[in-house]
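Chemist: Sequence and computational prediction follow.
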Amino acid sequence: MKKASAVWLGAGALVALAGVLWGPGAAARAEADSDYSKAQTYNAALRYVRVDLGFEVVEKDPEVGYVLFRYEPPGRKNAPTSGSIEVIESKERVKVVVQLPQMPTYHETTLRDGLMKKLRAEYGEPVKKKKDRDKDKAPDADGGVEGGSVVAP
């Protein structure tokens, strides 16, 4: 009888450990779409982390588009943690992902919003892409044909 209790107790401990290790905390991140190029977004992210915030850059790769850094939470300068900013380019957009796995999500949101403000401050209003410009143009009411029909001479 004691063996059965020990087995169930061990199984329960494994389930609890799995819940802690694979819990929702590891998936926290803040994302945004950037209206700027990958190069502009990456360079601004690197300057923002290193120059504006003064964090130590641990590793960076402009071609892949990531910056790893030591994040020092406000008020806790002696307890830095790891952070990352990824700049991902696809056919239609540039996406920014900020991750601080050991911190509450509002820290990631604050960094993301700061980077978006820096992009706008340094590069101005983003240039509209051709697809966006076409949406802004209003089509003629009758398809561009005056009088509604075409008459052959």
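Modeler: Perfect, I can see it now.
Chemist: Please tell me how far residue 57 sits from residue 45.
Modeler: 10 Å (CB to CB, to the nearest Å). (Glycine included, C-beta is placed from N, CA and C.)
Chemist: Of those two, which one has the most company?
Modeler: Each of residue 57 and residue 45 has its neighbours counted (other CB atoms under 10 Å); residue 45 has more, 26 against 12.
Chemist: Quick check: closest non-adjacent residue to that one.
Modeler: residue 85 (4.7 Å; CB to CB, 6 or more residues apart in numbering).
Chemist: I figured that neighbour hits residue 111, correct?
Modeler: Yes - with contact defined as CB atoms under 8 Å, residue 85 reaches residue 111; the gap is 7.5 Å.
Chemist: and for these two, which residues touch both?
Modeler: Taking CB atoms under 8 Å, 6 or more residues apart in numbering as the criterion, residue 85 and residue 111 both touch residue 98.
Chemist: re the thing from before, now for the residue nearest to residue 45: which residues touch it?
Modeler: Here residue 85 is in contact with 45, 49, 66, 67, 69, 96, 97, 98, 99, 111, 115 (CB under 8 Å, 6+ apart).
Chemist: Flag the shaky bits of the protein, pLDDT-wise.
Modeler: Residue ranges of the chain with pLDDT under 70: 1-27, 129-153.
Chemist: 50 instead?
Modeler: 1, 6-26 (pLDDT under 50).
Chemist: Which residue ranges of it form helices?
Modeler: Along the chain, counting by DSSP state H, helices occupy 2-21, 38-47, 105-123, 130-136.
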